[in-house]
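# with the sequence up front, the predicted model follows.
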Protein chains: 4
Amino acid sequence: MSSSVLIETGVWAGWRTWPHDAFENGVGPFYYRRDENNRSISRFIAEPRHMNGGGFMHGGCFMTFADFSCFAICEDHHQGGPAVTVNLSADFLSSARVGEVIESTGEVTRAGGRLIYVRGLITADGRPCLSFSSVISKIKPRVGDTPPVGA
Amino acid sequence: MSSSVLIETGVWAGWRTWPHDAFENGVGPFYYRRDENNRSISRFIAEPRHMNGGGFMHGGCFMTFADFSCFAICEDHHQGGPAVTVNLSADFLSSARVGEVIESTGEVTRAGGRLIYVRGLITADGRPCLSFSSVISKIKPRVGDTPPVGA
Amino acid sequence: MSSSVLIETGVWAGWRTWPHDAFENGVGPFYYRRDENNRSISRFIAEPRHMNGGGFMHGGCFMTFADFSCFAICEDHHQGGPAVTVNLSADFLSSARVGEVIESTGEVTRAGGRLIYVRGLITADGRPCLSFSSVISKIKPRVGDTPPVGA
Amino acid sequence: MSSSVLIETGVWAGWRTWPHDAFENGVGPFYYRRDENNRSISRFIAEPRHMNGGGFMHGGCFMTFADFSCFAICEDHHQGGPAVTVNLSADFLSSARVGEVIESTGEVTRAGGRLIYVRGLITADGRPCLSFSSVISKIKPRVGDTPPVGA
């Protein structure tokens, strides 16, 4: 995780994103900010390119946004170093359609020395769509290393 | 799920995909076929656009491909009708890099009257990267209905 | 699920349990009630027999209590008929020790016609220990049938 | 995890168990051994005390046995030190009844420096019942410490 950047103009002014993440920017971009209670909120607007063959939001889109949300939710705990997802479990409650406001909130249920546990809920126009739970591991950068997941 | 189509020319000749899925085609396309043992194999090649800010494959890309793979794996059980993911759990074993062959295989652990259970493994150049497990529900189409997940 | 019964005397007076569940009564018993906000709370006291070889609460004890809690949390939705767990995912946040008050609360994130989605948190003396998420399926009893899970 | 012991007499002669685990011995005991291919197999016989109110094996019993099985499956990777479960996800495929032989096999999908990933399948008289996936963390013993999960 490199640092996120603040959007300064346009409809997303005041929101943050990670601009160097090619996959998230291709699928999204997705945005997050803190609300008045310092709680992290993530958001994007559903477009036709997010839909599956049935005209509903693709599960992979939901899970990509869930993964983004997890890092937004636990931002205070992984700052200053890289972190990777160890496990993500997703329960699909309801689908979402083009034009709906897709939003995610959640909380850190535990932050240990190495592992961070997050859970959250994605809604579409306020309707619960995806309940997710994730374990994230902070990692130490290692030069010339093989892929660092699960280290 | 509408029907998949067979690719007839080019490097993916002999593989199948679902051409009407906007999200999968934007992120992928992903492809699947049966091997000599009638076992489903899914595959795509990792590109820069699949990577996260750290230069490794994004978890959302892995999970989108896992979701695609699940439907390829249980194709014989949901043919003739729509189906949705109820739960997907993903363990991130290792990451993947640009240029690697991303492949997925798995099996149906149970197919009931309504629910189908699938598990599988995604590899990158043969290295285990994502272990996934999914519950899929066959659904009956309902005219004018609210989103049909979890019905 | 048969009906739960109200405990009328002793330290657990005012709490409910399912007395015909051999496994829960051997491991527990576990108890639940509604608080002033009609929210379901489950509870038991950790004893030496709930511990693993390291002197901490066994993961299987946590998950058994999580499964009990799920049915307590969604009680209003499965009344009048049997229901089975389809998936349960558990994140282990912290352990628990002998003598601690083990408590669980949670919510139904969606109740569809067939599937009920629940998530919750188990604490020990207020410290978060297990975050769980579960999908439960209502089932129709079928005479002379093979085991009804995942039907 | 302390060391397991070999059963030398009786019907379980040749199998191993962890005798100092109060919870497992109360619910089980459960047993494991290596087959001719050095693959770990875990086993117990379903008794009335393992059943729920509906006369089928309780989900908590399945998950306790899954947790036991995980440590048996990855025994070679956590020897010499304690280890704890970080996440366990369970898909309930089918139920089990009194008298059936409950058996579990599985594999380590990745063993990193700290985290071990396991998946497996529990069967009853050969019928698939529970598909499970688990992340286990090796931990360093710490004197006088708070519970060491998620460290």
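In hand now; what should we look at?
# test my guess that residue A:33 contacts residue A:12.
No. Counting by Cβ atoms under 8 Å, residue A:33 stays clear of residue A:12, with 9.2 Å between them. Yep, even glycine has a C-beta here, placed from its N, CA and C like the rest.
# and residue A:85, how many neighbours?
A total of 24 residues lie near residue A:85 under the criterion other Cβ atoms under 10 Å in any protein chain shown.
# distance from the host helix or strand of it to the middle of the chain?
Using DSSP states H and E, residue A:85 sits within strand A:83-92. On the basis of Cα atoms, centre = their mean, to the nearest Å, strand A:83-92 sits 10 Å off its chain's mean C-alpha point.
# same question for stretch A:67-80.
On Cα atoms, centre = their mean, the centre of stretch A:67-80 falls 8 Å from that of its chain.
# ok and the top helix by length along chain A relative to strand A:83-92, angle-wise?
When secondary structure is assigned using DSSP state H, the longest helix within chain A turns out to be helix A:59-73. When axes from the mean of the first three to the mean of the last three Cα atoms, to 10 degrees is applied, the directions of helix A:59-73 and strand A:83-92 differ by 130 degrees.
# ok, helix A:59-73 near chain B or not?
Yes. If you take Cβ under 8 Å from any Cβ of the partner chain as the test, helix A:59-73 does meet chain B, through A:59, A:60, A:61, A:63, A:64, A:65, A:67, A:68.
# could those residues be laid out in JSON lines, adding pLDDT, neighbour count and distance to chain C?
Rendered in JSON lines, the data for those read as follows (pLDDT from 0 to 100; neighbours: other Cβ atoms under 10 Å in any protein chain shown; distance: Cβ to the nearest Cβ, whole Å):
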{"residue": "A:59", "pLDDT": "98", "neighbour count": "28", "distance to chain C": "15"}
{"residue": "A:60", "pLDDT": "98", "neighbour count": "28", "distance to chain C": "19"}
{"residue": "A:61", "pLDDT": "98", "neighbour count": "31", "distance to chain C": "19"}
{"residue": "A:63", "pLDDT": "98", "neighbour count": "28", "distance to chain C": "14"}
{"residue": "A:64", "pLDDT": "98", "neighbour count": "27", "distance to chain C": "19"}
{"residue": "A:65", "pLDDT": "98", "neighbour count": "27", "distance to chain C": "17"}
{"residue": "A:67", "pLDDT": "97", "neighbour count": "27", "distance to chain C": "15"}
{"residue": "A:68", "pLDDT": "97", "neighbour count": "28", "distance to chain C": "19"}
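# of these, closest to chain D?
Closest approach to chain D among the residues of helix A:59-73 next to chain B (Cβ to the nearest Cβ): residue A:63, at 14.4 Å.
# for that closest one, give me its contacts.
The contact partners of residue A:63, taken as Cβ atoms under 8 Å, 6 or more residues apart in numbering or on different chains, are A:88, A:90, A:130, A:132, B:59, B:60, B:63, B:64, B:67, B:88, B:90.
# quick check: closest non-adjacent residue to it.
Leaving aside its chain neighbours, residue A:63 sits nearest to residue B:63 (4.1 Å; criterion: Cβ to Cβ, 6 or more residues apart in numbering or on different chains).
# any idea how far residue A:90 is from the one you found?
With the distance defined as Cβ to Cβ, to the nearest Å, residue B:63 ends up 8 Å from residue A:90.
# who touches both of the two?
Each of A:59, A:63, B:88 lies in contact with both residue B:63 and residue A:90 under the rule Cβ under 8 Å, 6+ apart.
# my guess is the last one contacts residue B:136. True?
Just to be clear, that refers to residue B:88. No. Residue B:88 is not in contact with residue B:136 according to Cβ under 8 Å; the separation is 9.1 Å.
# circling back: which one of the residues of helix A:59-73 next to chain B is nearest residue B:54?
Nearest to residue B:54 among the residues of helix A:59-73 next to chain B: residue A:67, at 13.2 Å, using Cβ to Cβ.
# so the worst-scoring helix or strand of chain A on mean pLDDT, near chain B or not?
Scoring the helices and strands of chain A by mean pLDDT, DSSP states H and E places helix A:75-78 at the bottom, with a mean of 87. No. Contact check for helix A:75-78 against chain B, using Cβ under 8 Å from any Cβ: none in range, with a minimum separation of 12.2 Å.
# do stretch A:46-56 as well
Yes. Counting by Cβ under 8 Å from any Cβ, contacts between stretch A:46-56 and chain B involve A:48, A:49, A:50, A:51, A:52, A:53, A:54, A:56.
# wait, the last one touches residue A:92, no?
No. Here residue A:56 lies out of contact with residue A:92, judged by Cβ under 8 Å, at a distance of 10.2 Å.
# who has more neighbours, these two?
Relative neighbour count places residue A:92 above the other of residue A:56 and residue A:92, with 31 against 24, counting by other Cβ under 10 Å.
# ok, that one - contacts?
Taking Cβ under 8 Å, 6+ apart, we find residue A:92 in contact with A:59, A:62, A:129, A:130, B:84, B:85, B:86, B:87, B:88, B:149, B:150.
# from residue A:108, how far off is residue A:34?
Distance, residue A:34 to residue A:108, by Cβ to Cβ: 14 Å.
# what does residue A:32 give?
Computed as Cβ to Cβ, the residue A:32 to residue A:108 distance reads 14 Å.
# more neighbours, those two?
residue A:32 (22 against 19).
# please report how far that one lies from residue B:90.
Using Cβ to Cβ, residue A:32 is found at 22 Å from residue B:90.
# close to chain B, is stretch A:98-110?
No. Stretch A:98-110 lies apart from chain B when judged by Cβ under 8 Å from any Cβ; the minimum separation is 10.0 Å.
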